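A.B. asks: Fold the following for me, if possible:
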Amino acid sequence: MNFEEGVVILIDKPLDWTSFDVVSKIRNTIRTKKVGHAGTLDPLATGLLILCTGKFTKKIDEYQAQEKEYQGELVLGKTTPSCDLETEVDKEFDISAITEEMVRQNVKQFTGVIQQIPPIYSAIKVDGVPLYKKARKGESVEIKSREVTVSEFEITEIKFPIVKFRVVCSKGTYIRSLVRDFGAALNNGAYMSGLRRTRIGEFHVDTAEQLENFLMKVRKSKEVEE
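C.D. replies: As a prediction, the model looks like this:
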């Protein structure tokens, strides 16, 4: 592979790795300066990460703008400041009055063009500083809502308090915010306990490589060249 000329790399991002960790590891292994990714995944999310090298980094915006699909899991009855497992539970709610039908009906108000406020624990920058850094310092920040499109929101399994779902959405959609608002709409609370990105446009995670496998192939090919 000619990484300088340009290659699209599909990686199944491992749990606990940041998207930048993956970019950095691949950049150091392939020894190519120009490497970028098309769409950040949180450390606690897994799944499809598109990386572009060399001249193909010009395609990043194009890929980033494409529709994305996720499979996720939420826990009803509890909230966390980060809306996921990164932070400890801060509030608990009684879910005994919530029925499966209420959960399934609830998705309707989160389908279509909706307004969404990104989570405070996110990489969005305010005054040049990522929100998560301000959140960890306990600073309060006014976050503007944004318009996003959720074209599909399907409940795939309910085993209270756990609800599994599938979402197809536009660029800029925060699934953690979707989960947070989903719980609030039930006059309750919810946080995201798992997330996997399965598709970006026509690229699917089934065709992605495990990071270690990809790195091993690159190292072997470099040994052959040397």
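A.B. asks: Other residues contacting stretch 92-103?
C.D. replies: 76-79, 155, 158, 160-161, 163, 183, 186, 188-189 (Cβ atoms under 8 Å, 6 or more residues apart in numbering). To be clear about C-beta, it is placed using only N, CA and C from the backbone, and glycine gets the same treatment.
A.B. asks: try 7 Å
C.D. replies: Here stretch 92-103 makes contact (Cβ atoms under 7 Å, 6 or more residues apart in numbering) with 76-78, 155, 158, 160-161, 163, 186, 188-189.
A.B. asks: contacting residues for the residue nearest to the spatial centre of the chain?
C.D. replies: Nearest residue to the geometric centre of the chain (Cα atoms, centre = their mean): residue 41, 3.9 Å. Residue 41 makes contact with 13, 19, 47, 49, 197, according to Cβ under 7 Å, 6+ apart.
A.B. asks: right, and out of the contacts of stretch 92-103, which lies closest to residue 120?
C.D. replies: residue 189 (15.6 Å; Cβ to Cβ).
A.B. asks: hang on, that closest one packs against residue 89?
C.D. replies: No: taking contacts as Cβ atoms under 7 Å, residue 189 lies outside contact range of residue 89: 9.1 Å.
A.B. asks: shared neighbours of the two, which are they?
C.D. replies: With Cβ under 7 Å, 6+ apart, residue 189 and residue 89 have common neighbours residue 78.
A.B. asks: Please identify which of the two sits among more neighbours.
C.D. replies: Between residue 189 and residue 89, counted using other Cβ atoms under 10 Å, the more crowded position is residue 189 (23 against 14).
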